[in-house]
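K.L.:
here is the input, now give the coordinates:
(chains A and B)
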Amino acid sequence: MNDYSYTEEKGLTMADRIEGVKKLFTSKSARVETNKGDAYYEKLFQTCQARIEELKTQTPINNRLDISDVLETQGVNRRDFMKWASAVTGMLMLPASFTPLVADAALLMNRAPVIWLELSDCAGNSEALLRSDGPKIDEIVLDIISLEFHETLQAASGHQAEKQLEDAMETFKDKYLLFVEGAVPLGMDGQFGTIGASGETFHEHLLRVSKHAAAVVAVGSCATFGGIPAAAPNPTGAVGVMDVVKGKPLINIPACPANPANMVGVILHYILTGQVPELDSLLRPKFAFGYRIHDNCERRAHFDAGEYVEEWGDEGAKNNFCLYKMGCKGPMTFNNCSIVRYNEGVNWPIGVGRGCIGCSEPDFWDKYAYERPMADAKIKAPTGGVEKTVDEFGLGLLTAAGIGIGIHAVASAVAGKKEDGGEA
Amino acid sequence: MITKEIIDHIEGEASLYFEMQEKRVDFVTVVFPHFRGMENMLKGKSALDALVITPRVCGICGHAHLMATVRAIEDAYKNSGHPIEVSNKAQNMRELTLTLEIIQNHLKWLYLVLIPQLNNFENITLSLTPLKGAYGASLATKALAILAGQWPHSSYMIPGGVTSDPTYIELMQLRAHLEKLSDFLEKETLGTTVQNFLSFESCKNFNKIASDVSSVEQALFDLRMHKKGFSHDDFIVLGEHRFTQIAKSRATRLYNVDITKVHVEDAFSPQEKSYAKNALYKNAFYETGPLARLISKDVKLIKNMHRRYKDSNYTRAMARIYEMVYLLQHSLDLVKEIDITQDSCTKSVTLSKVTAQGIGVVEAPRGPLIHKIKLKEGIIERYEIITPTQWNISSGTKLKPSPAQKAMIGLNKQEAEFVFRTFDVCSVCTTH
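P.N.:
Numbers count the residues shown, from 1 in each chain, chains lettered A, B, ... in the order given. Below you'll find the predicted structure:
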């Protein structure tokens, strides 16, 4: 009903509707360039190969275990490992010929120093990193990577921990990857979050530790866009890392929690190429956030057929129909969870009949709250047409698509009524 | 002299201010310095938004927050004259996923907190195998994700039931994960079968097994933890579940409770601003969590331990380990009871017709978690969260110390910090 009044209000004709839907599904909006031509990949291959050779000559950091030994003791054979490597190669949008290089890069994970900071958050991404989910080999790889300093996971505490951080920052100056979990509360001069004996604010702490990082990776929606702590009225003045850290290569891995597969992807990419992966306008790696949930959704066929869940517990819900009318934000959310899923690929929210809440998009906590269909959500109009490429969408997102889908949903509802013999 | 110690590795951070006398803790105050303002941000939002926001209070017990929210909303429905009947199937599914979250929590605590902390003591050499805890926990969360979509931060519970509608195949997959977890625990953690472990009635039974659990038990004895860490010996359980019983207890004697007698007050923290509030029942402190729950259920082994060693740190730590196995058995039973022919969700009136207050109480891994909601035409006017760590680790005065404060008094600093961690502190929840 809401959708209907919306289209009425906009004075859209059936021709507009059809045109809108057509535009939506023929546009390049949700596509990522996955084939950049032989010349490009040949050059990249050589770069990666040279880098891997160089890394092989370096010694592992500290007392990190050798990954091939660990894989063996964990009962992972070479064949399983190569299967994993080829899946990761695909995830990183590289040609199959890169598989051996990716495998080598994984074996060299213990050459990459990583420091992990936890700021204003719920520790949920650390829990995810704690191998609560993520494919099995990812778990092992994450265990092996040199987590030089992780405030939640490390055994040391208090003064001892602060000393460890100092040591790691000094030893790996300008070389370490800094992973940050949690938002930065700026309100009340940062007094909503302080750390360590010195009473340093999260803001000061972040600036100090990021100063000599090779790159900064913001993990989870709090660190990327402020997340739940920034929900209106933003009681603590929380912002994301990119709002305060300047002049550093920065990668955002949003979602709540961020998918460990994507964390591993970023680290692997860094080891492989020495660079940050290709990013969209929100600094998200395209290999993970170049997909729209909607485009790979297992319930997509029901959307196309105009079959929707209209109410929790109805026949549509029992038959796994499309959740758009229950407020699913899949059509305007970029993330690979419809492919990678969560908890070792076991499931994802749409798999249990719960719409996507758009947790990898800015402001999801205020704008996308789940029970409002998009056409009714207070989302500002897009700044351009639906032809825009994925990285240009940014904050405006697929609101145009939202409208288009609103129309589509109405059209189907009307059609449904006709079939029922009701008055259309 | 007062000295400050930062305690991390506890889902966030806390500071302890120790007053020492002859190297023994004379008094200690607790400060939780982080704050996000969850209750403020819920104001003015639709009640259903809370289902997305509150689980994100905590990365390790978010599922308990989800269930507390859904119970609070359903209570408000009831109080507005529109009661919702939740099917047995949905109730069983909710209880099952909550139980699985507690299991993963306890497993991680055992391998990532307890064993490494024990190892810090001189003369204790346990093998450090954090991956074991993580692997076991991942089996529990995989099983959880089959019903809830993901862990952490699922929102699959809704007023009226749950969104998911599992098939027999999915339930079989779930059982397979749990059986794998059961095998894993038997082989790697317990050194005996789950059945045998649950039949233990005396501490002596641990002497007959050789496993991670028996080594931990021995280490606790070696450190004389059965003579240390005594608290008030008053316990409280407030959440309604089949695996426990609502009651307060003086030692092991049970009394009725009235949820309206719970209240909060500002923490006593003269040295530094703390964002935590103390939680009390009729103006008194109570210990919550596994020990409280198992005492309320009259579990033989735990009662026996309590008889011999009271609410010592030994009893507290062993109760958490025992509960993990106890709940695994409960979850295996629950899977069998899910009747997929029942409805997952029953229909209810539009939320905009609900103007009322509601209260939702669940047992989270660390004890009772209370959510109070006040709705006007479906919009949140007020939201209040009281978390389990607020009970155990309140910061009271010298004359009226909280359970954790009391347990630390008289110990040396290392022992005191260890005792603090055996309450399984969750800082992010406490301040929310």
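
K.L.:
the helices in the stretch 51-200 of chain A, which residues?
P.N.:
Under the criterion DSSP state H, counting those that start in this stretch, helices of the stretch 51-200 of chain A are mapped to A:67-73, A:78-91, A:99-107, A:124-127, A:136-144, A:158-171.

K.L.:
most tightly packed of those?
P.N.:
The highest mean neighbour count among the helices of the stretch 51-200 of chain A, using mean count of other Cβ atoms under 10 Å in any protein chain shown, belongs to helix A:124-127: a mean of 28. No exception for glycine: its C-beta is placed from N, CA and C like everyone else's.

K.L.:
for that one, packing partners?
P.N.:
Contacts of helix A:124-127 with other secondary structure elements, assessed using 3 or more Cβ pairs under 8 Å, 6 or more residues apart in numbering or on different chains; DSSP states H and E, are made with helix A:220-225.

K.L.:
residues in contact with the helix it packs on?
P.N.:
A:119-121, A:124-125, A:180-183, A:218, A:227-230, A:238, A:240-242, A:252-258, A:282-284, A:359-360, A:362-365 (Cβ atoms under 8 Å, 6 or more residues apart in numbering or on different chains).

K.L.:
what parts of the stretch 251-400 of chain B come near chain A?
P.N.:
The stretch 251-400 of chain B has residues B:K273, B:Y275, B:D343, B:S344, B:C345, B:T346, B:K347 near chain A, with proximity defined as Cβ under 8 Å from any Cβ of the partner chain.

K.L.:
pick out the most distant pair among those residues.
P.N.:
The largest distance within these, taken as Cβ to Cβ, falls between B:K273 and B:D343 and amounts to 48.9 Å.

K.L.:
out of the contacts of helix A:220-225, which sit inside helices?
P.N.:
When DSSP state H is applied, the contacts of helix A:220-225 are split such that A:G124, A:N125, A:F364, A:W365 fall in helices.

K.L.:
which one of the residues you listed sits closest to chain B?
P.N.:
A:G124 (3.0 Å; Cβ to the nearest Cβ).

K.L.:
gap between stretch B:5-23 and the chain center?
P.N.:
On the basis of Cα atoms, centre = their mean, to the nearest Å, the separation between the geometric centre of stretch B:5-23 and that of its chain is 21 Å.

K.L.:
and stretch B:81-97, average pLDDT?
P.N.:
Taken as a whole, stretch B:81-97 has an average pLDDT of 97.

K.L.:
what's in contact with that stretch?
P.N.:
Residues from elsewhere that reach stretch B:81-97, judged by Cβ under 8 Å, 6+ apart: B:63, B:67, B:70, B:74, B:77-78, B:144, B:147-148, B:154, B:156-157, B:159-162, B:164, B:166, B:241-243, B:331, B:334-335, B:337-340, B:342-346, B:348-349, B:353-354.

K.L.:
compare neighbour counts for B:K273 and B:D343 and give me the winner.
P.N.:
Taking other Cβ atoms under 10 Å in any protein chain shown, B:K273 and B:D343 do not tie; B:D343 has more neighbours (18 against 13).

K.L.:
looks to me like the more buried one is in a strand.
P.N.:
No. Assigned with DSSP: H, G, I helix; E, B strand; the rest coil, B:D343 falls outside any strand and is coil.

K.L.:
what is the burial count for the closest residue to it other than its chain neighbours?
P.N.:
Beyond its immediate neighbours in the sequence, the residue positioned closest to B:D343 (Cβ to Cβ, 6 or more residues apart in numbering or on different chains) is B:S87, lying 5.1 Å away. B:S87 has 18 neighbouring residues, counting by other Cβ under 10 Å.

K.L.:
residues contacting the residue of chain B positioned farthest from its centre?
P.N.:
Here chain B has its C-alpha centre computed as a mean, and the residue farthest from that point, by Cα atoms, centre = their mean, is B:E22 with 34.8 Å. The neighbourhood of B:E22, defined by Cβ under 8 Å, 6+ apart, contains no residues.

K.L.:
how much space separates it from B:G410?
P.N.:
Note on B:E22: its distance to B:G410, by Cβ to Cβ, to the nearest Å, is 11 Å.

K.L.:
ok, A:W348 next?
P.N.:
For A:W348, the distance to B:G410 under the criterion Cβ to Cβ works out to 51 Å.
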